[in-house]
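Colleague: build me a model:
(2 chains)
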Protein chains: 2
Amino acid sequence: MSDIEQVARNAREASTALQSITSEQKSLILRAIKDKLAANKEVILAANEADKAKAKQEVEAGKLSASLFKRLDIEGKGGEKFETMLQGILDVDGLFDPIGQVSLARRLDDGLDLYRVTCPVGVCLVIFEARPEVVVNIACLAIKSSNAVILKGGKEAGATNQKLADLIREAIESTPTPAGATPFPMNAVQLVSRREDIDKLLDQDRYIDLVVPRGSNSLVRYIQGHTRIPVLGHADGICSVFLDESADVAKAPHLVVDSKTDYPAACNAAETLLVHSKALSTAFNEVAKALFAAGVKLHADDRVYKYLEAESGLSIPKGQLVQAQDDDFDKEFLDLEIAVRVVDSLDEAIAHINEHGSQHTDVIITESEANAETFMRRVGSAGVYWNASSRFADGFRYGFGTEVGVSTNKTHARGPVGLEGLTIYKYRIYGRGQGAGDYGIGAGKRSYKHEDIPLDPTVRNKFVI
Amino acid sequence: MSDIEQVARNAREASTALQSITSEQKSLILRAIKDKLAANKEVILAANEADKAKAKQEVEAGKLSASLFKRLDIEGKGGEKFETMLQGILDVDGLFDPIGQVSLARRLDDGLDLYRVTCPVGVCLVIFEARPEVVVNIACLAIKSSNAVILKGGKEAGATNQKLADLIREAIESTPTPAGATPFPMNAVQLVSRREDIDKLLDQDRYIDLVVPRGSNSLVRYIQGHTRIPVLGHADGICSVFLDESADVAKAPHLVVDSKTDYPAACNAAETLLVHSKALSTAFNEVAKALFAAGVKLHADDRVYKYLEAESGLSIPKGQLVQAQDDDFDKEFLDLEIAVRVVDSLDEAIAHINEHGSQHTDVIITESEANAETFMRRVGSAGVYWNASSRFADGFRYGFGTEVGVSTNKTHARGPVGLEGLTIYKYRIYGRGQGAGDYGIGAGKRSYKHEDIPLDPTVRNKFVI
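Modeller: Predicted coordinates for the structure are as follows:
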C-alpha cells in the first residue's frame, strides 16, 4: 500500500470513529486548538517567516507571483490576520451542530419509523495554495461537521502548514476524552505536502468522498479533469452585469464600478457588461464615464465602440478603450478590464450569460420588477442579483461565517458554501422485525401508514449526540 | 455541430424557458400527457407488441436475457401495468411544486435581502434499459421539477419508447398556453435511441447537468467512468445484515430471509450476512435453518462452515453450503445465495461493511439499543436499519411516490431519490443599488444586519409561480 493510500485509509477509519463524537467533544477540541495556536504564536510566525524568506527569493527569481507571496503571510498588520484566524475557530465552535439533524420523520407503520438524518460526507480532501490559514479554517469546519480531512497545501507555505497541522494534532491528542466517550481520532486531520501526491490522492475514490480545491483556475480545472471523486468548487468566475433598458442612471455607475473594481482579482468581480441598446445613451453613458474615471479598460464590441467613439461625447482616456475580441466574453480578466457588449433584449442578455458565464453570480440593473424576476429565474447561476453588486457573493457577506468554498456546481451545494456543503444525510429505520414481504395486498398482508411525524425540536434533534 | 450536441443545446434552451413555466402550466401538461396516453393505449400496445416480437427472437437466439424481456412489457396482467403508469402521472401532478421554495431568507441590510430559492438542476440525461414506462415516469418528474430531460432508452424497447415520447411531445404541443404565459418548450422532453450516442451525450458536460443511469451494474459503471457530468445512481447493491450477539431468535430468521429472498434480483436484497461469534449457536442456528428451508445457498467462511457442518445439528440440503471465496464478500449474487462470515465484535462488523459494502442499505439485528445506535451512526450507508428488512429501501415504501432512482452517492442526494434529487437552489439578492464597498469599517461605511427573515408560508412560497 502506498503512503498516500495509507493516508486515505487512515482518514476513512477516522471518519468512522468521528460518527460517535459528541457535540461537546467537538467543542472541547476546537477550543483546545484555539488555545494551542494562541500559545504557540511565536513558533508559528517563525515558521511563516522561514516560508516567506524562501518565497521572497523565488519572487525575485521570477518563480513565484507577488500575489501568491502576499497570501503567504499569516500575521497581518499588527497581528490582525492571526487574531482573525483564532477568532474564526471560536466562530465555528459557536455554530449549531450540523450533524444528527432530522429533516424528515415518517411512521411507515406502527413500530416501523423512518428518519432522514444529517451526517458528514465522510472524508474530504482539500487542496489549496499559499494561505496557510486554510489549514486552520478547514480543519475546524471538518471537525465541527464530523468529517475527516486530508489537507494538501502548497510547498511555498510548507513550514507554516506543517506547524499548524502538528499543533492541531497535538491539541487533539492532549484533549482528555470525557468518561465513556469515543476518543477523538488524531487522523481526523492529516496534512500532505508533496506536489506529486495530488494525482495519487485524486485516485483514492474508494476512501475519499469529496474534493474541495481552493486555488487558481488552472489548479481547479486540473482537479476536475483528473478524478472520479465529486469536486466542490469553481474554476472560473465570469460574472456579468446587465444594464437593462430601464436601468436607473443614479444606481448604475456605482453598481458597475463596485462590481468591477472593489476587488478585481476576486472570482465575484464582474468581467462582462451587457448593455441594452436602449440604455446606451442613458445609463451606459454614465457607467462608461465612471469606469473610465476608475481606470477600467473597456473591451467593447462594435456597437459599443462606435457609440463611445462617435456619439457619447465622452473623452476617452488613452488605452482604456479597445475593440473586443470574441474570446473576451469568455475571459476572466481579474484586473481593471471589462468586456462590453450590446444586446437588443432581455432574452438576448440571458442567453449570453447562460452561454458564456460560469454560473457564479450575475446582476441585472433595472427598474422593471418584471424584467428582474425573469432575469433571476432564467439565469442559471448560483447567484442572481437585482440592483446589487456581484461582489456580495461571499459567505461572510451572506452571514454564513467561515466558508468551505464557493461552488458553481449544479448539484449538492452552490454559491458560498458553509458547513452544509460538508454534510449529507442517511435514512434510519427503526423496526421490530418486519419484512417487506409482510406488506402488500392479500390475506394477512399489512398496509403502509406513511404518517409524517411532526418535526418538533425533540424530533429534530433526536440524533444529536 | 453534431446531432447530439444539437439535442443537448436544445435541452439547455428548453431549460431556460422552463424557468418561467408556472405550476398551473405544469399541471395542465401532466394531465394532457395522461389523457393523450390513455387515448392512445392501442397504438402504444401495438408498438410494444412489435418490440416484444423482435425481442422474443433475440431471447430465442440467446442474445437477450429473459429478465430483460420481461421488463419490456408495458401492459401487464389485465392492463394493470399500463394503468399504474397512467396513475403515476396523476400522482406526480399531485405532488407539491418543488421549485421556487425559499429555504433561507436573510436581511443583509435594509433594502438588501437574500433568498435561497429552489430551482431545477437544469438538463438531465436519463439512460435506461428495457422498461419503456421509464419514459413516462421520468418525463413527468422532469416536467414537475422544471427540468429538461434527454431520455436514452434501449433499442429493445425502441418502438414503444418512440411512441411514448412522440405522444408526450404531442401533448405538450397541443396544450394551449394560458394568456400571458411562456409557451411550454417541446424540447423539455427529447428521446435519443442509438447506442453509439451514449458516449457523445456523456461528453456534453457544457449543456447537461446530471446523468441518471437506470440499468445494469455494468451500464452504471461504464457511465460513471466516462463522464465529467455528475452521476446520480448506484452500481452495486451489496447490502449486509449483521446478526449481533443479542439478536432476537424470534425476529432474526424472518428478517434475514425477507432481506435475502423477498426479491433476490433487487439492489436492496441482502448479499452478506455477518454473524457475531456469540450468536452462532443461538440466533444464527435458526437463521441458517430458515435460509436452507428457503432454498438459499450459503457461501460460508471457515468458522461458519465448521459450525454448520460439525456443531449446528442441522441437516444441510445438498448444494446449499459451500466454502466462501474472498471475493464473495464483494459480490452481488442477485440470486438465492448469500455470503456468511463470523465477526467477533460490533466494530468488526461495522469495519467490514464500510470496507466491502456499497453504501446502499445495511441492517443490524440486535436487542441492544446502544449497539443499534452505534451501528446506525458508524455505518456510512444511505440506509441503516435496526430490526427491519433491507428490502424497505425503496421510494414507494418510504412514501416518496415515483422515484428518480436509488443513489449511493455521498453528495447531493442518496437513498431512494424523489423530485428533490432533480432540484438545487440559487441565491437571489434584492438590492437598491448597493455596492460591497459600501460596507466595512470606517467613516461613511455601513454594517451588515444579517437578520433572518422568518420562513412563514408567504415567504416560503414567495417565488412559486
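Colleague: just the mean pLDDT for stretch A:434-453, thanks.
Modeller: Mean pLDDT, stretch A:434-453: 93.
Colleague: check the stretch 1-150 of chain A for the residue nearest chain B and tell me.
Modeller: Here the stretch 1-150 of chain A gets closest to chain B at one residue, A:Gln19, 4.3 Å apart by Cβ to the nearest Cβ. For the C-beta atoms, the positions are set from N, CA and C on the backbone; glycine is no exception.
Colleague: what parts of the stretch 151-300 of chain A come near chain B?
Modeller: Proximity of the stretch 151-300 of chain A to chain B, by Cβ under 8 Å from any Cβ of the partner chain, involves residues A:209-210, A:224-225, A:228, A:230, A:232, A:248, A:250-251, A:254-255, A:257-259, A:262.
Colleague: one more time with 7 Å, if that's ok
Modeller: Residues of the stretch 151-300 of chain A lying near chain B by Cβ under 7 Å from any Cβ of the partner chain: A:Asp209, A:Leu210, A:Gln224, A:Arg228, A:Pro230, A:Asp248, A:Lys251, A:His254, A:Leu255, A:Asp258, A:Asp262.
Colleague: quick one: the strands in the stretch 151-300 of chain A?
Modeller: Per DSSP state E, counting those that start in this stretch, the stretch 151-300 of chain A carries strands over the ranges A:189-192, A:210-214, A:239-243, A:270-276, A:297-300.
Colleague: contacts for the longest one, please.
Modeller: When you say that, I think you mean strand A:270-276. Here strand A:270-276 makes contact (Cβ atoms under 7 Å, 6 or more residues apart in numbering or on different chains) with A:238-245, A:256, A:259-260, A:284, A:304, A:329, A:331-333, A:338-343, A:349, A:352, A:390.
Colleague: buried set for the biggest helix by length in chain A?
Modeller: For chain A, the helix with the greatest residue count under DSSP state H is helix A:41-60. For helix A:41-60, the neighbour count (16 or more other Cβ atoms under 10 Å in any protein chain shown) marks A:Ile44, A:Leu45, A:Ala47, A:Asn48, A:Asp51, A:Lys52, A:Lys54, A:Ala55, A:Val59 as buried.
Colleague: ok, now stretch A:305-316?
Modeller: By neighbour count with 16+ other Cβ under 10 Å, stretch A:305-316 contains the buried residues A:Tyr305, A:Tyr307, A:Leu308, A:Ser312.
Colleague: which one among the residues you listed gets closest to chain B?
Modeller: For the buried residues of stretch A:305-316, the residue nearest chain B by Cβ to the nearest Cβ is A:Ser312; the value is 22.4 Å.
Colleague: and the buried residues of stretch A:305-316, which of them are in helices?
Modeller: Per DSSP H, helices hold the following members of the buried residues of stretch A:305-316: A:Tyr305.
Colleague: so what's the spatially most central residue of chain A bridging to?
Modeller: Nearest to the mean C-alpha position of chain A, by Cα atoms, centre = their mean, lies A:Gly405 at 1.6 Å. Taking DSSP bridges as the rule, A:Gly405 bridges to A:Val417.
Colleague: for chain A, give me the ranges with low pLDDT.
Modeller: For chain A, the stretches with pLDDT under 70 are A:1.
Colleague: try 80 this time
Modeller: Across chain A, residues meeting the criterion (pLDDT under 80) sit at A:1, A:67, A:215, A:235-236, A:401-402.
Colleague: which strands or helices does the host helix or strand of A:Ser27 pack on?
Modeller: Following DSSP states H and E, one finds A:Ser27 within helix A:23-39. Contact analysis of helix A:23-39 by 3 or more Cβ pairs under 7 Å, 6 or more residues apart in numbering or on different chains; DSSP states H and E lists helix A:80-94, helix A:133-144, helix A:158-174 as its packing neighbours.
Colleague: okay, those helices in TSV with distance to B:Lys297 and mean neighbour count next?
Modeller: As requested, the helices and strands packed on helix A:23-39 are exported to TSV (distance: least, Cβ to Cβ, whole Å; neighbours: other Cβ atoms under 10 Å in any protein chain shown):
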stretch	distance to B:Lys297	mean neighbour count
helix A:80-94	52	16
helix A:133-144	44	26
helix A:158-174	47	20
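Colleague: which stretch among those comes nearest A:Ile441?
Modeller: Closest approach to A:Ile441 among the helices and strands packed on helix A:23-39 is made by helix A:133-144 (48.0 Å; Cβ to Cβ).
Colleague: could you check whether that closest one is close to chain B?
Modeller: No. Between helix A:133-144 and chain B, judged by Cβ under 7 Å from any Cβ, nothing touches; the nearest distance is 14.5 Å.
Colleague: give me the angle between that helix and strand A:210-214.
Modeller: Relative orientation of helix A:133-144 versus strand A:210-214 (axes from the mean of the first three to the mean of the last three Cα atoms, to 10 degrees): 150 degrees.
Colleague: mind saving the C-alpha coords of helix A:133-144 as PDB?
Modeller: Presented in PDB, the C-alpha positions along helix A:133-144 are these (Å, rounded to 0.1, in the frame of the first residue of the first chain):
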ATOM      1  CA  GLU A 133      -4.700  29.800   7.500                       C
ATOM      2  CA  VAL A 134      -6.800  27.500   5.300                       C
ATOM      3  CA  VAL A 135      -5.300  24.600   7.400                       C
ATOM      4  CA  VAL A 136      -7.000  26.000  10.400                       C
ATOM      5  CA  ASN A 137     -10.200  27.200   8.800                       C
ATOM      6  CA  ILE A 138     -10.800  23.900   7.100                       C
ATOM      7  CA  ALA A 139      -9.700  21.600   9.900                       C
ATOM      8  CA  CYS A 140     -12.200  23.400  12.200                       C
ATOM      9  CA  LEU A 141     -15.000  23.200   9.700                       C
ATOM     10  CA  ALA A 142     -14.300  19.500   9.200                       C
ATOM     11  CA  ILE A 143     -14.200  18.800  13.000                       C
ATOM     12  CA  LYS A 144     -17.400  20.700  13.500                       C
END
